[in-house]
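K.L.:
here is my input; please provide its structure:
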Amino acid sequence: MSDLPYLDHAAFVDLAARAESSARLSADCQCTRTPLDGWASLPNSLPDAQLEVVGTLFAPNEPEPTFSEYHPEGTSYWAANAPIAPRYFPYNRANVCRCRDCGRLYLRYQEGGGYFVDQRIRQVNAALIVDAPVEND
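P.N.:
Now for the predicted structure:
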């Protein structure tokens, strides 16, 4: 079990809104060299040490979060305008990180397959966060 604080919907939205209103965000930062509006592999231009983990969206007491994605408007996993739905994949397996230099928030999780492991990252856009309940399949 993680020692990271769990960010429920209200805490996550509050954290994202405070980060976006920070004056430091207008400054150029190395974390913005690669566009990360949608999910991407962690770029070499963003050193891992530049990000500090501030919480997790992995709900406590959730033995196996869903692998279903949330795309009611026909978006896709890679889309920059895809909703950030914390109860859905991959958000339900993501940690929330903050850039140590400018304060921008990012979501990170580890994608794994039979032959690869990939660190994925997406910048948090507070306007895209939705409180969508998980529907039973």
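K.L.:
from the centroid of this structure, which residue is nearest?
P.N.:
residue 107 (2.2 Å; C-alpha atoms, centre = their mean).
K.L.:
ok, for that residue, nearest residue in space, not its chain neighbours?
P.N.:
Closest residue to residue 107 apart from its sequence neighbours, by C-beta to C-beta, 6 or more residues apart in numbering: residue 94 at 4.3 Å. For the C-beta atoms, the positions are set from N, CA and C on the backbone; glycine is no exception.
K.L.:
over to residue 20?
P.N.:
Ranked by C-beta to C-beta, 6+ apart and with sequence neighbours excluded, the top spatial neighbour of residue 20 is residue 126, at 5.4 Å.
K.L.:
contacting residues for the one you found?
P.N.:
13, 16-17, 19-20 (C-beta atoms under 8 Å, 6 or more residues apart in numbering).
K.L.:
can you pull out the strands in this structure?
P.N.:
Shown for the chain, the strands assigned by DSSP state E span residues 40-41, 51-56, 95-99, 105-112, 117-123.
K.L.:
buried deepest among those, which one?
P.N.:
strand 95-99 (a mean of 21; mean count of other C-beta atoms under 10 Å).
K.L.:
coming back round to it: next one: the residue nearest to residue 107 from residue 28, what distance?
P.N.:
Separation of residue 94 from residue 28 (C-beta to C-beta, to the nearest Å): 26 Å.
K.L.:
same question for residue 38.
P.N.:
Taking C-beta to C-beta, one finds residue 38 at 21 Å from residue 28.
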